[in-house]
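*Asks:* whatever this is, show me its structure:
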Amino acid sequence: MLAEKYLTELGFTMEQAQEFITLNVNQPEVIYNTAAQYGVNNRMLSEISGFSRNIVTDYFKNAGFISPELDRCILINYDLGALENLVAFNTREGILSNAALCDIVKPAVNKNYDYDSPFTPPNPKLQSSDSIYSSGELGVERIDNVPITNENVESLFYGTLINMFLALEQSELDQINAFSDTGNSEDFQTLLLGALNDIPESTSWSDEQLAELVTDEAIHIMDEFWNANLYGILDHSYLGLATS
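*Replies:* Numbering: from 1, shown residues only. Okay, the predicted model is just below:
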């Protein structure tokens, strides 16, 4: 679990964290402030306590705290499970390179927002003193010890979006785009999980089509990122919607 790995990095055990929560369950401000101090987010608190992430956020909300302050992972604040395999650096060249994708996305985003901001540490005071992102800071258990640079986060962002669309067939994407509700229902989540977990043997997309899908989605995600109290740059992606 991400929480256990992150707590170990901090010098604590799961048992110590569970005992702390039990002792202070009637003092949400103590749990909230301590979690904020150590960079323990809602997802980790869910794993530690055994309660769902929604119950954790409601616990803080009912106590008058803005729990998104505890959504600190720079990539994603949800448990991706098997979908973690889609999170990867982008090593492609040509029109799918980071530079080529950036050339399309950056001018569109910079009309309203700062393109570089989503790739920077979400909370500088919690930034690693060793200039390395741990898996706990990234929010992805299998990726660890990543040097803190905008370029690395940008590469993970684009690499993940590319893998995400490679996992989707045209018919699946058509179903997703045609879904009648706002994308927050269990039915929509089930559709996304099924589609993203069932990776086709061959891709439905040419490089040109894939570049268009990725850049359109990147612009959309960045717009949503700036209009919501979430830190993870992938929180608004299909991966985030499938596991939130």
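*Asks:* wait, what's in contact with Leu70?
*Replies:* Tyr32, Ala35, Ala36, Val40, Asn41, Asn42, Leu45, Phe60 (C-beta atoms under 8 Å, 6 or more residues apart in numbering). C-beta coordinates here come from the backbone N, C-alpha and C atoms, glycine included.
*Asks:* residues contacting the residue nearest in space to the middle of the chain?
*Replies:* Nearest to the mean C-alpha position of the chain, by C-alpha atoms, centre = their mean, lies Ile76 at 1.3 Å. With contact taken as C-beta under 8 Å, 6+ apart, Ile76 is in contact with Val87, Gly139, Val140, Gly232, Ile233, Leu234, Asp235, Ser237, Leu239, Gly240.
*Asks:* now swap in Tyr113 and tell me
*Replies:* Met222, Asp223, Trp226.
*Asks:* let's see it at 7 Å
*Replies:* Met222, Trp226 (C-beta atoms under 7 Å, 6 or more residues apart in numbering).
*Asks:* wait, is it part of a strand?
*Replies:* No - applying DSSP: H, G, I helix; E, B strand; the rest coil, one finds Tyr113 to be coil, outside a strand.
*Asks:* state the distance from it to Ala99.
*Replies:* 20 Å (C-beta to C-beta, to the nearest Å).
*Asks:* buried sites along the helix or strand where Glu19 lies?
*Replies:* If you go by DSSP states H and E, Glu19 is part of helix 14-23. Using 16 or more other C-beta atoms under 10 Å as the test for burial, helix 14-23 gives Ala17, Phe20, Ile21.
*Asks:* nearest to Phe165, of those residues?
*Replies:* Nearest to Phe165 among these: Ala17, at 37.3 Å, using C-beta to C-beta.
*Asks:* make sure that closest one is actually in contact with Ser46.
*Replies:* No - using C-beta atoms under 7 Å, Ala17 makes no contact with Ser46, being 11.9 Å away.
*Asks:* any idea of the pLDDT on the residue lying closest to Ala211 once chain neighbours are set aside?
*Replies:* Excluding the flanking residues, the one nearest Ala211 by C-beta to C-beta, 6 or more residues apart in numbering is Ile95, at 4.7 Å. In this model, Ile95 is scored at 98, pLDDT.
*Asks:* same check on Pro124?
*Replies:* pLDDT, read off for Pro124, is 52.
*Asks:* repeat that for Asn184.
*Replies:* So, for Asn184, pLDDT stands at 63.
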